[in-house]
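Asker: just coords:
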């Protein structure tokens, strides 16, 4: 935009106070305004570290040496871990005046070490082989370079290839000595940040060798595939911030920071987790030429010459360590599992939470809640959860209720629960400064708040006005917080009430960049700057402990969080924060949720309808159609917007919304099974196409289509006034993949097709070779459908076979951990021209489930069968009725009445 | 929506002969529709939409065969079917079949949960009794309300009639006045024309006076001969002083008339006035020197002086009107014009008053005060409700407001726009719009739900979305005769 036109826009904004104001960019730092980012980004010459060969030592899974350059010396650890994972850690030496912070609480447990298979410390380089020969590290001494190889002995990543390694050690200020600008204090707007231990930043370049495309670094409102920031924009910024009306397509920080990159090419993947909780910037660049400063060295180790593509990421953090976990795959699902092993998975969510959530800032009072609850029934639309935003409290004091609007919260929740539904209330980490508020009083007395450098309690403004912020590094805070969720303590709570943790970046209206001053102090003298990005995660994990404790671990908690970090997935679902009711925000929801999914956070969604502004009926319709196929499905709206419960719209829009909701509820057994599989494999239910078609290089940039599991491809319409869209249906390595339109069941030919998508239609396809379990009896809420019979959708692949799985349990308790679940597999095989069989097998679990199979729909059957019969365990053969549609080639088998917890065979004779 | 569907089917139910045949009961189907669900002679069942014929044994066999769901009225197998709860002792009703056997008791007789393991007690008697009491209560209110409504309707009708009745004489009076009004208007116009003509002549004459060389145009030199333009009182009219009045080289008559005359006239008058004041001041000074007054005198003198000033101001205003520089014949014409204007204005005012009274009466007569005009009785009335610190006010055909308790003025929540009830029940809702603009939001508006009650009362105020208000107003005007109402128990 030219200066002239921006002046004009500014004038327009002044003239029309109602115009929507965009993000206030000037509230947030650019790299140029951040002393350490500016400094690291400016590195153009190698920093000249070399490894001192005589310092090498190794024991078991740890290989250690000292690095040195003209500035300082550092300690390098190469640590071998299980499952093709290796950790490269660079710290200050033992002489450091202070320990650098490692964000260990974000890991599942202490990483499991695995002794190296072999170590060969040569004269110029050391070869370290670990993970049962699945990973190899070559450390070059001079200049210092770490090369990572996968189990196929392919070079996949390098550290310090461009020589950008820089670690500023903690200092004590010496009078009279000169320091660079911003070393001891840094100003931004009216705020001054005092760095007690001096500038202590770290940075290094990581190169993903032989990869052109990489993903990750959530959360940004940007494309799914990482772009080149070098020479184009600021680096991607990871610093959890509450950004008002965020803009699209830029690398500005948002609410979540997961410093993880996944690089992918045909059939190969590698992941790198930058284990650091401080503010982080990442410059990214994809190049095809071998321009590394160590070109020669590279040639030597790779044997390759020029034209090796590589994706480079320059990580820069304000504090902490250079500490990188490499997951060497070799396939993308291997990488996902390796990451999950370290940082955890989302525990099986309660069934209701994958249904539809109805939220608004705010449902005003108990009558309003009752009316919304009833509205869904009156309009025969399924719904599982009604949410209450901040206005339900007494003066934004969490755990309290506005006595006028919510005089009988227990009754209210019970009435909602009487329809099998749940409620969620919001609980934020800022605590109103009010001696009459018991949480404040208790926390004050016990010293549970984050402190200023002078030891007094940190204070900032948030919803309630003057507030203080709980310090979740303090063990007493964690146990106190846990207790607050007991049914006795939290008035109005019950096992039907779950929790929403918002504003946990933390959001501080009066603070620099709307967050907490970096110099603030946490328990144990930790500076906030060292841990900022994990505040939200530490908060939700404490809430999780509380929800577990309140039922003695019996019931599964549900928590939604806005802020997140590595490991957030273990305790909370994440939504993409305060989006806007426009088409761009609808479109960005998929890349944002995909990005979170591949970074290990699978239970994700965007506010349906858009938080700010008023969606028109077309946008709202398309948003419901899209949200129905994204993991966390919640409609939400800002307090200044018009009401938008589905029945307030035209008959057509109501029908579209009802259809979208029903489509979602029909697929709940599939979603639930995918979430269960995620707990075992780490693979997210919502996946990019390349997860399923790993060999297809043409899908690397795809972000309008995604997969739900391995069986459903979605290309919802996210463009205004668009009623015909292009859909890519990957045909696979052998050009044999088959696809079926989800609703009609008819096979769709062609790899890139144009599909009519009238407002009532969402392009969704089932992949041949999959079997998808569904519920076709859509009731008022998910829990009421739990015991209902299943309809299986069997889509045949090119050899006439397909397979699938279903997992079910009670939907709400942890009894599944004691075997109270059922897992069944289905296998359809075409045995000959005249015979096919669908075999159902109970593979695990002892849950006495009531579900039976009421219908089997087989797609892609070439001719009508002559007969269909079923054999159940020890029963005689019994004929089944069926119907066959010649046009769509769909066979419907009527009422097999097979149970999931016993095996069966359906024989189809042609 | 559900109800409509079934109403469509009802005629079919009666069309068939349902006389003495012993009908087979079918779960989920009311007796009145059982005939549709009887086995054919070949023991089949035809889907009600005619799309398919299935075995009779497949009716209610917990598998959905018919596209319209009609084969499963008694199970949850079809997503689009309805189950009938007979609810003996209370009211029978349909529920969507997706509520059958879902572990929640929906029918008061518990018949919907026959196979879910949940034991739903039959509470129809209890509910029926309570419902009858409630119905009676409501009917009582409605009865009393309806009575009041009839009175109010009379009142409204009378008010309306009287307004309408008033209109005719007003119209007649208006018509009688019209010839006079129009004659006076013509008189006024001709008097004013005459006045203007003379004035123009006078101006031209003055121009001619100023036009010393009789060139038909006034140039700067000619203007400089007029001492009243000597603003700085240096006894001489400078080029600059003239330039303020004559911006071009020379003025033709048209330019003079339109752009110069009035300003020159004012300048001349001011000049004369200045001279007069100066003269008086000098006289004053001379007097003061003669006899020094005491304080009281001084004050009195000031008072006198003030009042003199007022008078002289008035005089000068009059002067302005009279335009003393016009010669007497012009002044006479002006006087005539003024008189003609006065006469016309007098009559015109009368006709305008009449017009507005006619309009008001017509508006009233044309406004929609409900089927029986009863709402006319509430025109210009308002009803308050206090909710915490606010007082809300509903003024049926005026403007709704919200004000802080004790505050003088309130915020407009919109003015009456229309009756907004659904077709067939138009008077059950009102919409008020175009209220005060909300910060970052819409203009405030109110929707009013109108219910039957014994008294006029604003019973509920909510704000479901910011600046969109919802009032519930109870009034006898919404009561219909309970003894004439038909109670539909079944279809």
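Answerer: Okay, I see it. Computed from a prediction, not measured in an experiment: that's the story for all the values here.

Asker: which bits of chain A sit near chain B?
Answerer: Residues of chain A lying close to chain B (C-beta under 8 Å from any C-beta of the partner chain) are A:17-18, A:364-365, A:367-368, A:380, A:404, A:418-420, A:639-643, A:662, A:776-780, A:784-785, A:788, A:854-855, A:894-895. In this view, the C-beta of every residue, glycine as well, is placed from N, C-alpha and C.

Asker: in the stretch 501-650 of chain A, which residue sits nearest chain B?
Answerer: Residue nearest to chain B within the stretch 501-650 of chain A: residue A:643 (4.3 Å; C-beta to the nearest C-beta).

Asker: just give me the neighbour total for that residue.
Answerer: The tally of other residues near residue A:643 (other C-beta atoms under 10 Å in any protein chain shown) stands at 14.

Asker: returning to that earlier point: among the residues of chain A next to chain B, which lie within helices?
Answerer: Among those, DSSP state H puts A:367-368, A:662 in helices.

Asker: weed out the non-buried ones from the residues you listed.
Answerer: A:368, A:662 (16 or more other C-beta atoms under 10 Å in any protein chain shown).

Asker: got a list of contacts for stretch B:116-127?
Answerer: With contacts defined as C-beta atoms under 8 Å, 6 or more residues apart in numbering or on different chains, stretch B:116-127 is touched by B:87-90, B:101-105, B:107-110, B:112-113.

Asker: excluding its backbone neighbours, what's nearest whichever residue of the stretch 201-350 of chain A sits closest to chain B?
Answerer: Nearest residue of the stretch 201-350 of chain A to chain B, counting by C-beta to the nearest C-beta: residue A:245, 11.9 Å away. Leaving out its chain neighbours, the residue that sits closest to residue A:245 by C-beta to C-beta, 6 or more residues apart in numbering or on different chains is residue A:23, at 5.2 Å.

Asker: for that neighbour, which residues are in contact?
Answerer: Neighbouring residues of residue A:23 by C-beta under 8 Å, 6+ apart: A:243-247, A:252.

Asker: from those residues, keep the buried residues only.
Answerer: Applying 16+ other C-beta under 10 Å to the contacts of residue A:23 flags A:243, A:246, A:252 as buried.

Asker: residues contacting the last one?
Answerer: What that stands for is residue A:252. Contacts of residue A:252 (C-beta under 8 Å, 6+ apart): A:23, A:25, A:28, A:220-221, A:234, A:237, A:243, A:246.

Asker: what about 10 Å?
Answerer: Counting by C-beta atoms under 10 Å, 6 or more residues apart in numbering or on different chains, residue A:252 touches A:23, A:25, A:28-30, A:220-222, A:233-234, A:236-237, A:239, A:241, A:243, A:246.

Asker: and for residue B:233?
Answerer: Counting by C-beta under 10 Å, 6+ apart, residue B:233 has contacts B:227, B:271, B:274, B:278.

Asker: sec struct for it, please.
Answerer: coil (DSSP: H, G, I helix; E, B strand; the rest coil).

Asker: same deal with residue B:345?
Answerer: Reduced to three states by three-state DSSP, residue B:345 is helix.

Asker: neighbours of it, how many?
Answerer: When neighbours are defined as other C-beta under 10 Å, residue B:345 has 12 of them.

Asker: mind listing the helices for the stretch 1-150 of chain B?
Answerer: Here the stretch 1-150 of chain B has its helices, by DSSP state H, counting those that start in this stretch, at B:2-15, B:124-210.

Asker: of these, which is nearest residue A:411?
Answerer: helix B:124-210 (19.5 Å; C-beta to C-beta).

Asker: what's the first helix or strand after the closest one?
Answerer: Heading C-terminal from helix B:124-210, the first helix or strand you meet, by DSSP states H and E, is strand B:218-219.

Asker: what pLDDT, on average, does that next one get?
Answerer: Strand B:218-219 comes out with an average pLDDT of 80.

Asker: and the residue in the stretch 1-150 of chain B that chain A sits nearest to, how far from residue B:75?
Answerer: The minimum distance from the stretch 1-150 of chain B to chain A, using C-beta to the nearest C-beta, falls at residue B:102 (4.4 Å). Computed with C-beta to C-beta, to the nearest Å, the distance linking residue B:102 and residue B:75 is 11 Å.

Asker: before we move on, what about residue A:798?
Answerer: 38 Å.

Asker: repeat for residue B:465
Answerer: For residue B:465 relative to residue B:75 (C-beta to C-beta), the value is 40 Å.

Asker: looking at the two, which is more packed in?
Answerer: With neighbours defined as other C-beta under 10 Å, residue B:465 and residue B:75 compare such that residue B:75 has more, 23 against 20.

Asker: hang on, the earlier thing: which of the residues of chain A next to chain B are buried?
Answerer: Buried by 16+ other C-beta under 10 Å: A:364-365, A:368, A:380, A:419-420, A:640-642, A:662, A:776-780, A:784-785, A:788, A:854-855, A:894-895, out of these.

Asker: show me the residues you listed that map onto strands.
Answerer: Cross-referencing these against strands under DSSP state E gives A:854-855, A:894-895.

Asker: in those residues, find the pair that's most separated.
Answerer: Farthest apart among these by C-beta to C-beta are A:854 and A:894. That separation is 8.5 Å.

Asker: quick check: neighbours shared by the two?
Answerer: With C-beta under 10 Å, 6+ apart, residue A:854 and residue A:894 have common neighbours B:63-64.

Asker: what residue, apart from its backbone neighbours, is nearest residue 389 spatially?
Answerer: No chain was given, so I picked chain A. Residue A:389 sits nearest to residue A:361 (C-beta to C-beta, 6+ apart), 3.9 Å away.

Asker: try chain B instead
Answerer: residue B:405 (5.5 Å).

Asker: gap between that neighbour and residue B:461?
Answerer: With C-beta to C-beta as the criterion, residue B:405 and residue B:461 are 13 Å apart.

Asker: any residues in contact with both of these two?
Answerer: Common contacts of residue B:405 and residue B:461, defined by C-beta under 10 Å, 6+ apart, comprise B:386-387, B:390-391.

Asker: can you tell me which of those is closest to residue A:806?
Answerer: For these, the nearest to residue A:806 is residue B:387 (52.1 Å; C-beta to C-beta).

Asker: just to revisit the earlier point, per-residue pLDDT, the residue of the stretch 201-350 of chain A closest to chain B?
Answerer: 92.

Asker: check residue B:242 too.
Answerer: Residue B:242 is given a pLDDT of 80.

Asker: neighbours of the nearest residue to residue B:467 once chain neighbours are set aside, how many?
Answerer: Leaving out its chain neighbours, the residue that sits closest to residue B:467 by C-beta to C-beta, 6+ apart is residue B:438, at 3.9 Å. Applying other C-beta under 10 Å, we find 16 residues neighbouring residue B:438.

Asker: swap in the one 3 residues further on?
Answerer: Using other C-beta under 10 Å, residue B:441 has 17 neighbouring residues.

Asker: surely it is in contact with residue B:468?
Answerer: Yes. Contact criterion C-beta atoms under 10 Å: residue B:441 and residue B:468 qualify, at 8.9 Å.

Asker: buried stuff in stretch A:457-470?
Answerer: A:457-460, A:462-464, A:467-470.

Asker: between those, which sits nearest chain B?
Answerer: Of all those, the one with the least separation from chain B (C-beta to the nearest C-beta) is residue A:463, at 16.4 Å.
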